[in-house]
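Peer 1: pasted the sequence and its predicted model underneath.
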Amino acid sequence: MTSTAPTPIADARVLGLAHYAARGLLEHVLSRHGITFTQQIALRAAITADAPQTPDDLINQIHTFLKTDSADIHAVLDDLLARRLLTLDGAHLHPTETARELLTAIGADTAPVTARVWGDIPAEDLAAAGRVLALVTERANAELAALA
């Protein structure tokens, strides 16, 4: 049976529903590894950085991504340091081998789900959605900057 419901027009609600559905899947995997969404974002940012970052650099980067309170991000970094997923060498944070292994395991666990969610979407649809989402992100960031 095929759906007769009209195709939704992209708007804030549709974007939000897609975000929370995908994030719910990711958080399910993350919980099995004993890590939160924000911790995963912080570790990924530390691991993929071109150069070691100071705590303030990482806090600013995560704040830019998540638009969350810097004090909350600082607490996340403190927890990652306490769990020895990050280490502090002088002024710079470094991900540990344990952190790298953790993100590799998370990636392996999410890959099949990601393939089922995204796998058969035509490339041209993904490209169009990517352009729209990049424009929405740019405009929303500009609005946030104007509010500050």
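Peer 2: Perfect, I can see it now.
Peer 1: contacting residues for the residue most central in space within the chain?
Peer 2: Most central in the chain under CA atoms, centre = their mean is residue 41, positioned 5.0 Å from the mean C-alpha point. Contacts of residue 41 were listed using CB atoms under 8 Å, 6 or more residues apart in numbering, and they are 62, 65, 66. For every residue, glycine as well, the C-beta is placed using N, CA and C.
Peer 1: can I get the one helix or strand the first one maps to in PDB? Just the C-alpha atoms.
Peer 2: Element membership of residue 62, judged by DSSP states H and E, is helix 55-66. Coordinates of each C-alpha in helix 55-66 appear next as PDB, following Å, rounded to 0.1, in the frame of the first residue of the first chain:
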ATOM      1  CA  PRO A  55      39.800  23.900  26.300                       C
ATOM      2  CA  ASP A  56      38.500  27.300  25.300                       C
ATOM      3  CA  ASP A  57      39.000  26.600  21.600                       C
ATOM      4  CA  LEU A  58      37.000  23.300  21.900                       C
ATOM      5  CA  ILE A  59      34.300  25.000  24.100                       C
ATOM      6  CA  ASN A  60      33.900  27.700  21.400                       C
ATOM      7  CA  GLN A  61      33.700  25.200  18.600                       C
ATOM      8  CA  ILE A  62      31.100  23.000  20.400                       C
ATOM      9  CA  HIS A  63      29.100  26.100  21.400                       C
ATOM     10  CA  THR A  64      29.100  27.100  17.700                       C
ATOM     11  CA  PHE A  65      27.700  23.600  16.800                       C
ATOM     12  CA  LEU A  66      25.200  23.100  19.600                       C
END
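Peer 1: please enumerate the helices of this protein.
Peer 2: 12-32, 37-48, 55-66, 70-82, 97-118, 123-147 (DSSP state H).
Peer 1: for those helices, which one ends up most surrounded?
Peer 2: With neighbours defined as mean count of other CB atoms under 10 Å, these peak in mean count at helix 37-48, which reaches a mean of 19.
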